[in-house]
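**Q** Starting from these lines, generate the structure:
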Amino acid sequence: MYGRLPPRGILVAEAACPADLTDWAGRLDAATLPAGAAEFFAAFLTSTGHEERGGERDAGRGAVAERALFVCGSTSSTSRAFLHRAEADGVPVRRMPPSLLHRGSPRQRLMAQWSAATVQALQEHSRAIVAIDQPLQPEPGMPRRMSKALAAVVKRVLEQQEVGCLLVEGGPPLWR
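**A** Residues are numbered from 1 along each chain as shown. As a prediction, the model looks like this:
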């Protein structure tokens, strides 16, 4: 579909559909460090012979034995599905309050409530997910505001609650 990959440097690939992801993932060799969204990582694992386990995923359980905070900055459908599976498995998900993104909202109060709810979830369950889980909006600067709000709430949580494991994934693109 595309020409040969350059022998070195950074390549930012464009994908318009799942077939593009599969094509790019299949072109990587052992000397290439792949990076990308969850959908690309899944295509990469498939291209290297790994099979997806159906329905047996452990949303945040098993591998992490200590208090863990998952930070889900992605707004993708894959991340949203992960959040729903996590909740079904009993892992509390504390989503960004939608009104936090509106200009003129009581930002400090909303941030305090969001971080307090996350700290409480960590204390009660030893695992919690803090997530944006909001659709990307075309308003200029919105992805940056989403990312900053998520980072600010994580900072507040870590100031109030010690965690043994911090897992961070994704984030809205900052160039829109």
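**Q** Now the helix or strand of the chain with the lowest mean pLDDT: buried residues?
**A** Ranking every helix and strand in the chain by mean pLDDT, DSSP states H and E puts helix 38-47 at the bottom, with a mean of 78. Neighbour-count burial for helix 38-47, counted by 16 or more other Cβ atoms under 10 Å, picks out Ala38, Glu39, Phe40, Phe41, Ala42, Ala43, Phe44, Ser47. Bear in mind the C-beta positions are built from the backbone N, C-alpha and C, glycine included.
**Q** can you map out the strands along this protein?
**A** When assigned using DSSP state E, the strands of the chain occupy the ranges 68-72, 93-95, 127-131, 165-169.
**Q** Low-confidence ranges, this structure, go.
**A** Where the chain drops to pLDDT under 70, the residues are 1-4, 52-65, 136, 171-176.
**Q** Domain parsing of it, as residue ranges.
**A** Per automatic domain parsing, the structural domains of the chain span 1-52, 68-169.
**Q** Switch the buried residues of helix 38-47 over to a markdown table; also include distance to Thr118.
**A** Output for the buried residues of helix 38-47, formatted as a markdown table (distance: Cβ to Cβ, whole Å):
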| residue | distance to Thr118 |
| --- | --- |
| Ala38 | 22 |
| Glu39 | 27 |
| Phe40 | 28 |
| Phe41 | 26 |
| Ala42 | 28 |
| Ala43 | 32 |
| Phe44 | 31 |
| Ser47 | 36 |
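**Q** Return the closest of those with respect to Gln113.
**A** Checking these against Gln113 with Cβ to Cβ, the nearest one is Ala38 at 28.6 Å.
**Q** Lys155: neighbouring residues, count only.
**A** Lys155 is flanked by 12 other residues according to other Cβ atoms under 10 Å.
**Q** Understood, closing this out.
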